[in-house]
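Participant: Need coordinates for the below:
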Amino acid sequence: MAEPRRPAEGCSCRNTDCVERPLRRLFEGLGSGVAACPWPFVLVPLLLSGGLGAGFLFLSQRQANDIEGQFTPTRGPAKAERDFVRRHFPTDDSQRFSAPRLPTEGAYAALVAVAAEGSSVLARPARLDVLQLDAAVRARGYEQVCARSGQACASANPLLPLLNDAAAAALENLTFPLSDGTFLGAALGGVQTDAGGRVLSARALKLLYYLREDGPAAAEESQRWLEKFLRDIPSELVELRLASVQVTYFTSLSRQREFEGNTKSVIPLFSVTYFLTITFSIVSCLRLSCIRNNVWLACCGVVSAGLAVLSSFGLMLFCGVPFVVTVANAPFLILGVGVDDMFIMIASWEQSLRKKEKSNIKTLLAETYAEAALSVTITTLTDVLAFFIGTWTAFPSVRSFCLYTGTAFVFCYIYTMTFFGAIIVLNHKREQGNRHWLTCMPVEAEKDGAETSCLYNACCIGSCSRKPIRPAGEHPMSIFFKKYYGPFFTTKGIKLLVVLLYGAYLGGSIYGCTQIREGIDLRNLASDDSYVIPYYDDNDKYFSAYGPRVMVVITESVDYWNETVRLGIERCVQHLEDLSYVDKNLSESWLRVYTGLAAGGLVNINNKTLFMNSLPILFRVVPSFEWDVNRTQDKIEASRFFIQTVNVTSAVDEKNLLNQLRETATQCSIPFMVYHPAFIYYDQYLVIVQNTIQNVVVAAGAMLVVSLFLIPNPLCCLWVTFAIASVIVGVAGFMAFWKVSLDSISMINLVICIGFSVDFSAHISYAFVTSGELSSNKRAVDALSLLGYPVLQGAVSTVLGVVVLAAAKTYIFRTFFKIMFLVILFGALHGLVFIPVFLTFFGNFGRSPHRTKPNAGSAHDTKPKTLEFRFRNDKDCP
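Facilitator: Now for the predicted structure:
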C-alpha cells in the first residue's frame, strides 16, 4: 500500500506541508467541537446575521450611484483641470451664458428631430413641426428657468429664427459647418452640401434647452423642471402628432436616473436564481430514502450563502462603505460559490461515513473537516485575496464591489465551517434516530411480509427495497470519468488534438487581446429599453462628425504683449490644430482677433500698459471674449482659446484624441492645458489597462504564494500559476469577440478570474502529483476519476448562480454574466482537458516521493485513501 507521509517528516522542496499539517489538526479540533455542541453553531450565525442585517436600514443613505464619482478615476487629471477652469473662468447663467464655456455639461434638455421618410428637416413640413415642438417646450415655463445671454434665453438652435416661412428664404444661402460666423456642426446633422459648402439638405436638427445653475436655488428649480419634462414629454409628443419628424429626447438628468434604476431591474432575478440553485442542490443531494435524504442539507447550504450576503452587506453598510449598483452582482456570485462549498462538505461527510460508519459523530466530523475544510480554506483565501487586492484601483465602483464581495466570501467561509457543519450534525442525529427527513417522525419497517411498491418503501420505510440501508458506493459520474473520460483523453491521438486545440485557444485569445476596446460607453449605463438609447443612436448617426469643442487654457500669467511670447502661443495652437482630430478652420482665439486688430491699426499692444488698457476695445468687438480672459488690473492670470475636434466616433478615437492633445500641450513652451467636460470620462483610458494589469499581476503573485504555503507540492503551484495566466488571457481575448470592453465593470470580473482559476486547476494538478499510480497516463485518469465530477459540479453551480443575469436588460449585469461564463468555461476546460493532458507529458517529474505504487501482490487498496477528498472532492450527494 502507498504510505502517506508521516507527520514527523519535515518540509522539503517537494513536500511543503508545514502549514497544511497544523491546519488539518486545527480543523479536526473545530469539527469535534461542532459535533459535540451543534446548537450554538446554528443559533449564533442566525443571530449575528439578524444583527448585522440591520445595516440595510442605512441602504438608502449609502447608495452612491453618481456616474462620474463611481466610474471615473478618483484622481483623474480632468477633474483637476475642471477645478482650474471653475476658479479662473466663473460662469453666469443669468446674464452671459455660453455652452462651450461651461466647465460641466450643464443642465439641459435635448431633442433631436429627424425628418421622416428620408426627407430634409429643412423642408417646410418638418420646419413647421420643429417650431411646434419648440413652442411646446417653451410653454412648459422654460422662460422662467432658462439660461440667459443678455436679456433673452440662450437659443436652443441658431437656425430656429430661420425656420418660419417669413425668414425661410435665408436657408437657401446656408453654408455648413460655418454660416455667417455661426458654427452649425452641433445644430444640424446628416447634412449634404454642394461643392461650395451650401446646404442642400439635412436629416436632423438638435434643440438644446439650457437651464440656470448659478446658485442652489436656481439649480434646484432647474432640476424640478427637468424631472417634470421627463415625466410629461412622452405623452406630449403623442399629443403633438408630429407627422414630418421623429423626435428623441434626453436631459442632463437622464443618464444618472436611468443608471439608478438598473438595480431595481435585477431584483426579480434574485428569486429566480435562488429557485434554480435550491433546485440544483436538492436534485444533486436527492436520495430515494425518506431517512437518508439530504434535502435539508441542500436547502441549508443555500441558506448559509444567503446569511453570508445578509451579514457582509449589513456590516459594510454599518461601516459606511458606498453601495454601488455593481454590488448588486455580488449575491449571484456568492450563492454559486457557497453552494460549491456545501457540496465539498457533504461529499467529504459521505466519504467519512463510508469509511467509518460505526465511528462516533465527533470522529466523523473531525475527519470531514480535516479533509474538506483545507480545500475550502484554500479556495476562499485565494478568492478573498483577489477581491481585496482589487480594492487597489482608481475606480470607486470597483473598490465597493471588491469590499462587499470579499467580505461576503469571508462570511460564507465562516458559516460553512460553523452553521452548515452543525446542520450536518443535526441531520446525522436525525438519521441515527431513523426519523423521516420531512416530518422527523420515527420510521419503522413493515412488520408483515406484504409486498409494497418501491415508492411506498422509499417514502414511508426509508429505502426503495425492504433490505437494510447500506452506505452508497462510488458515484456513477466518478465511474464515467474513471472508465471512459480519462482513458479517452490519455490516448496519443486525443492528446495531440488537445495540444492543437490549446494552440488555437491561445492564438485566438492573444489576437482577441489586441482587439479589446477600452472604456465604458455611457449609453451602456441605461437599460436596453430606455428612451436614452434612441437618442444616443440619432446623436451618433447624425452629429458624430464634430466632437467636443475643447478649451485650450494658458494656466499661468505670461507676457502677452511680448511679440516673442505671442508667436510662441501661436505655434503651440497651430501644433494642436495640426492634429488629425482637429479642424483648424473652426478655432476661436481672442488673441488672434486682438492681434488682427493691432495689425489693422485699431489698437496698440506692444507694451503691457497699452495691451491691458486696449482689451475693452476687443470685448466691444466680440463680447464673449471677455469671458475668456481672467485679468486683474496689471496682468492676465489665465486665458483660453477653443479648438474644434472632428471624427471622434469611437472609444479608440476618444483615447487617441485625449493623449494627442495632452502630449502636444505638454511639449509646448507656454504652460498649456486642454479641457472639455467629456475628458472626465475619457480619463478612464489612461488608467484602465494599467489598473487591470496591476491588479492581475499582484493577485496572481499572491495566489502563487498562498499555493506554495497551503498546497504541499511546488510543481502543483507552477501549474496553478500557468492556469491563472492562461485563463486570464483567454477571458480577456474572448471578451473582445463577445463585444465586451475593458472598463471598470469588466475589470471586476478579471479580478474574479484569478480566484476561480486557482479553484479549477489546483485540485486536478495536486491529485496528479500525489497519485499512487506509476504511469503518467494512469495518474491523469486517477486525478480525473477523483476530481473530474466535483470540478464539473462546481462549474455548474457557479454558472447557475449567474445565468439569470443573461436575461437582464442592462449592460452591467449582462457583462458580469458574460465574463463569469467565460471564466467558468475556460477554468473548467483547463481543469478537465488541458492540464490533465499536459501533465502526462511530464511523467514522474515533480511526483511526491512518498506516493509510490505498491507491489503487485499487495492485498491492500493501491489508492491513498486520504487523497480522495483533500481538495474539492465534492462527489455530489448520492
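Participant: And the single longest helix found in the chain, what does it pack against?
Facilitator: Longest among the helix segments of the chain by residue count, using DSSP state H, is helix 361-389. Secondary-structure packing of helix 361-389 (3 or more C-beta pairs under 8 Å, 6 or more residues apart in numbering; DSSP states H and E): helix 20-36, helix 330-355, helix 396-415, helix 421-432, helix 684-710, helix 744-769. Quick note: C-beta positions are derived from backbone N, CA and C, even for glycine.
Participant: Just send these back as a markdown table, with distance to Ser650 and mean neighbour count too.
Facilitator: Converted to a markdown table, the helices and strands packed on helix 361-389 look like this (distance: least, C-beta to C-beta, whole Å; neighbours: other C-beta atoms under 10 Å):
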| stretch | distance to Ser650 | mean neighbour count |
| --- | --- | --- |
| helix 20-36 | 51 | 18 |
| helix 330-355 | 31 | 25 |
| helix 396-415 | 23 | 25 |
| helix 421-432 | 54 | 20 |
| helix 684-710 | 12 | 19 |
| helix 744-769 | 17 | 27 |
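Participant: and those, which one is worst for confidence?
Facilitator: Mean pLDDT per stretch puts helix 744-769 lowest among the helices and strands packed on helix 361-389, at a mean of 74.
Participant: Just name whatever secondary elements it is in contact with.
Facilitator: Applying 3+ C-beta pairs under 8 Å, 6+ apart, we find helix 744-769 packed against helix 361-389, helix 396-415, helix 684-710, helix 714-737, helix 776-802, helix 811-829, helix 835-840.
Participant: now those as CSV including distance to Leu200?
Facilitator: Shown next, in CSV, are the helices and strands packed on helix 744-769 (distance: least, C-beta to C-beta, whole Å):
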stretch, distance to Leu200
helix 361-389, 58
helix 396-415, 47
helix 684-710, 38
helix 714-737, 40
helix 776-802, 53
helix 811-829, 38
helix 835-840, 65
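Participant: For Met747, which of those helices is the nearest?
Facilitator: helix 684-710 (5.0 Å; C-beta to C-beta).
Participant: After the helix or strand in which Lys264 is found, which helix or strand is next?
Facilitator: Assigned by DSSP states H and E, Lys264 falls within helix 262-285. Next helix or strand after helix 262-285 toward the C-terminus (DSSP H and E): helix 295-318.
Participant: in that following helix, what's buried?
Facilitator: 295-298, 300-318 (16 or more other C-beta atoms under 10 Å).
Participant: distance between that helix and the chain's centre?
Facilitator: What separates the centre of helix 295-318 from the centre of its chain is 23 Å, taken as C-alpha atoms, centre = their mean, to the nearest Å.
Participant: So which bits of the helix holding Lys264 are buried?
Facilitator: For helix 262-285, by 16+ other C-beta under 10 Å, it's 262-263, 265-266, 269-270, 273-274, 276-278, 280-282, 284-285.
Participant: coming back round to it: tabulate the helices and strands packed on helix 361-389 (TSV), appending distance to Lys492.
Facilitator: Below are those laid out as TSV (distance: least, C-beta to C-beta, whole Å):
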stretch	distance to Lys492
helix 20-36	36
helix 330-355	33
helix 396-415	42
helix 421-432	45
helix 684-710	31
helix 744-769	18
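Participant: Go through these and name the closest to Val42.
Facilitator: Comparing the helices and strands packed on helix 361-389 by C-beta to C-beta, helix 421-432 comes nearest, at 4.6 Å.
Participant: Can you show me the CA trace of that closest one as CSV?
Facilitator: Backbone C-alpha positions of helix 421-432 (Å, rounded to 0.1, in the frame of the first residue of the first chain) are rendered in CSV as follows:
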residue,chain,number,x,y,z
GLY,A,421,-21.3,21.9,9.9
ALA,A,422,-23.8,22.0,12.8
ILE,A,423,-26.6,21.2,10.3
ILE,A,424,-24.7,18.1,9.2
VAL,A,425,-24.5,17.0,12.8
LEU,A,426,-28.2,17.5,13.4
ASN,A,427,-29.1,15.8,10.2
HIS,A,428,-26.9,12.9,11.1
LYS,A,429,-28.6,12.6,14.5
ARG,A,430,-32.0,12.5,12.7
GLU,A,431,-30.7,9.7,10.5
GLN,A,432,-29.4,7.8,13.6
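Participant: Report the inter-axis angle for that helix versus helix 20-36.
Facilitator: Relative orientation of helix 421-432 and helix 20-36, computed by axes from the mean of the first three to the mean of the last three C-alpha atoms, to 10 degrees: 50 degrees.
Participant: Looking at the buried residues of helix 262-285, which two lie furthest apart in space?
Facilitator: That would be Asn262 and Cys285, which, of those, are the farthest apart (C-beta to C-beta) at 34.9 Å.
Participant: which of the residues in stretch 492-502 are buried?
Facilitator: Lys495, Val498, Tyr502.
Participant: What is the nearest of those to Leu159?
Facilitator: Tyr502 (60.7 Å).
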